[in-house]
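# task: produce atomic coordinates for the following.
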Amino acid sequence: MKFGGTSVADAQRVIRAAKRIVARKEAGKRVVAVLSARGSTTDELIAMAAEVSALPDPREMDMLLSTGERISCALCAMAIRDLGHDAVSLTGSQAGILTDTSHTKARIVDVDAARIQRELDSGAIVLVAGFQGVSTNQDVTTLGRGGSDTTAVAVAAALNAEVCEIYTDVAGVFSADPRIVPDARKLSTVSFEEMLEMAASGANVLQLRAVEYARNHNVRIHCRSSLEDGPGTVVLGEGETMEQPLITAVTHSTDEARLTLLGVPDDPGVAGRIFTALAEANVNVDMIIQNEPISGGHRADMSFTVPRSDLVDARSALDGLIGELGITDVVTDEKMGKVSVIGAGMKSHPGVAAKVFEVLGGEGINIEMIVTSPIKISCVISGEHVPTAVRALHSAFALGEGATLQERPFGDEASA
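Here you go, the predicted structure:
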């Protein structure tokens, strides 16, 4: 059972989470709970670091940021004990979570669950601090934003748990962000493949790496509300889903920044050097487009998108190459957005891309970049147009609450 920051944001919510954990224990289950930092604690810790350092050391940031989850676990353990059950809180390192050495964005390389198993065997409820581990250099590390989801899935895999329940402030995974689309429909099931594309395209319900880990280790995820008892959304293998609708969801992101390199030499190996530099700076690149030289020229323009929070690191990583490669200029745009339509059914049906482009064109929205996969079409557009684009696409594919399959474009063929 994993509880997010809003689910433990204050004393009452910590006690509510403790009661849900105890209820599972009293139902005969062996329970491990992973907790995030309370509410805005992580943001407050980052602000504290900024007060004393313009460029905080990544190792010390991990030491600082890892404290938030420990606070949540200790408080919840106290509440569980007051409810009459034994509980023990563990840091990431005590729980056996081993990571690589990439501070602030570490990746889990192994989980030694022996300590957790011993505590469970003794009858205790185990509370594991999310978002953190210990590196192969024996330093405290953190897993990046949303890393508690990955902690929970990794522990579930190591314990061969029957399910990993992710408790959040929403009732599950929806066909679009309900804050933008009021009639968005809660999905009862979604495949790992679809959830991976949704997480990568801006859906913030589950962290991308957590879904990857779950797929690779066959961990069933149940995403559900921490505020109510109803069922949420189960993420499972594609072969286990009951249906494959043409379009499952419309996702979006307003955290996109675009870099355009002008006058890039059109020579073998140049692109490799550019993206190796970005990878070494731990910058995650999403869409890439290169305009080939025209009329025998030997220079091209290259555009790609990165998370806005990585823009400074991306520029720094490229600074040393600009002069060396003779790149003419670097242009950045921090106000880009991305809208994506996702559905396992589209890989067997043509015409989805045409409809997406037609709908956006009808709204007067210019598409800056396009990337596709067998089950996703993503368009980079101006950030200010994202809400309009999401609502228009959600309506065009009839994804709203109460819509029937027959009302959706290509509905009959998709169901066949």
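# ok, the residue lying closest to residue 367 once chain neighbours are set aside - contacts?
For residue 367, ignoring the flanking residues on the chain, the nearest one in space by CB to CB, 6 or more residues apart in numbering is residue 379 at 4.7 Å. Any C-beta I mention is one placed from the backbone N, CA and C, and that applies to glycine too. Contacts for residue 379 (CB atoms under 8 Å, 6 or more residues apart in numbering) come out as 338, 339, 340, 356, 357, 360, 367, 368, 369, 370, 389.
# bridging residues for residue 379?
Residue 379 forms beta bridges with residue 339, residue 370, as assigned by DSSP bridges.
# now the helices for the chain?
Assigned by DSSP state H, the chain shows helices spanning 11-26, 41-52, 58-65, 67-82, 114-121, 147-159, 192-200, 208-217, 270-280, 311-325, 352-362, 386-396, 411-415.
# any idea which of the ones you listed is most buried?
Mean neighbour count (mean count of other CB atoms under 10 Å) peaks for helix 147-159 among these, with a mean of 27.
# any idea of the mean pLDDT for it?
Averaged across helix 147-159, pLDDT comes to 96.
# tell me which of the helices of the chain lies nearest to residue 246.
Judged by CB to CB, the one of the helices of the chain that comes nearest to residue 246 is helix 411-415, at 4.0 Å.
# which neighbouring elements make contact with the longest strand seen in the chain?
Ranked by number of residues, the top strand in the chain under DSSP state E is strand 249-265. Applying 3 or more CB pairs under 8 Å, 6 or more residues apart in numbering; DSSP states H and E, we find strand 249-265 packed against helix 192-200, helix 270-280, strand 299-307, helix 311-325, strand 329-342, helix 386-396.
# JSON lines for those, including mean pLDDT and distance to residue 99?
JSON lines is the format used below for the helices and strands packed on strand 249-265 (pLDDT from 0 to 100; distance: least, CB to CB, whole Å):
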{"stretch": "helix 192-200", "mean pLDDT": "90", "distance to residue 99": "20"}
{"stretch": "helix 270-280", "mean pLDDT": "91", "distance to residue 99": "18"}
{"stretch": "strand 299-307", "mean pLDDT": "89", "distance to residue 99": "21"}
{"stretch": "helix 311-325", "mean pLDDT": "88", "distance to residue 99": "20"}
{"stretch": "strand 329-342", "mean pLDDT": "90", "distance to residue 99": "29"}
{"stretch": "helix 386-396", "mean pLDDT": "95", "distance to residue 99": "34"}
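# turn those into JSON lines, including distance to residue 350.
As requested, the helices and strands packed on strand 249-265 are arranged in JSON lines below (distance: least, CB to CB, whole Å):
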{"stretch": "helix 192-200", "distance to residue 350": "19"}
{"stretch": "helix 270-280", "distance to residue 350": "31"}
{"stretch": "strand 299-307", "distance to residue 350": "27"}
{"stretch": "helix 311-325", "distance to residue 350": "36"}
{"stretch": "strand 329-342", "distance to residue 350": "14"}
{"stretch": "helix 386-396", "distance to residue 350": "16"}
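# of all these, which one comes closest to residue 78?
Counting by CB to CB, residue 78 lies closest to helix 192-200 out of the helices and strands packed on strand 249-265; the figure is 33.3 Å.
# how far is the closest one from where the chain is centred?
Chain-centre distance of helix 192-200: 9 Å, with CA atoms, centre = their mean, to the nearest Å.
# same thing with stretch 270-290?
Computed by CA atoms, centre = their mean, the chain-centroid distance of stretch 270-290 equals 20 Å.
# how long is it end to end?
Between the opening and closing residues of stretch 270-290 there is a gap of 12 Å (CA to CA, to the nearest Å).
# rewinding a little: so which of the helices and strands packed on strand 249-265 is nearest residue 286?
strand 299-307 (4.6 Å).
# buried ones in that closest one?
Under the neighbour-count criterion of 16 or more other CB atoms under 10 Å, strand 299-307 has 300, 301, 302, 303, 304, 305, 306, 307 buried.
# quick one: the third one and residue 266 touch, right?
Spelled out, it's residue 302. No - under the criterion of CB atoms under 8 Å, residue 302 is not in contact with residue 266, lying 9.9 Å apart.
# thinking again about what came up before, quick one: buried residues of the longest strand of the chain?
Applying 16+ other CB under 10 Å to strand 249-265 flags 249-253, 255-261, 263-264 as buried.
# what's the closest of these to residue 76?
residue 255 (30.4 Å).
# so what's the nearest residue to that closest one once chain neighbours are set aside up against?
Of all residues not flanking residue 255 in the chain, residue 308 sits nearest, at 5.0 Å (CB to CB, 6+ apart). By CB under 8 Å, 6+ apart, the residues touching residue 308 are 255, 256, 257, 334.
# just checking, the second one touches residue 336?
Yes - taking contact to mean CB under 8 Å, the distance of 4.2 Å between residue 256 and residue 336 places them in contact.
# who touches both of those two?
Residues touching both residue 256 and residue 336 (CB under 8 Å, 6+ apart) are 305, 380, 383.
# I'd like those as CSV, with distance to residue 219 appended.
Listed next are these as CSV, based on distance: CB to CB, whole Å:
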residue, distance to residue 219
305, 30
380, 32
383, 34
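# from the residues you listed, which is closest to residue 216?
For these, the closest approach to residue 216 (CB to CB) belongs to residue 305, at 25.7 Å.
# please report how far that closest one lies from residue 311.
Distance, residue 305 to residue 311, using CB to CB, to the nearest Å: 10 Å.
# overlap of the contact sets of the two?
Here residue 305 and residue 311 have 257, 259 as joint contacts, going by CB under 8 Å, 6+ apart.
# break the chain into its domains for me.
Structural domains assigned to the chain are 2-169, 256-332, 337-415, following automatic domain parsing.
# between those domains, which one is nearest to residue 234?
With distances scored as CB to CB, the stretch of the domains of the chain nearest to residue 234 is domain 2-169 (8.4 Å).
# how far does the closest one stretch from one end to the other?
By CA to CA, the extent of domain 2-169 from end to end equals 12 Å.
# just how off-centre is that domain within its chain?
With CA atoms, centre = their mean as the basis, domain 2-169 stands 17 Å off its chain's centre.
# count the neighbours of residue 138 for me.
By other CB atoms under 10 Å, the residues close to residue 138 number 8.
# that should have said residue 112, apologies.
Neighbours around residue 112, by other CB under 10 Å: 12.
# verify the stated contact: it with residue 96.
Yes - using CB under 8 Å, residue 112 is in contact with residue 96, at 3.5 Å.
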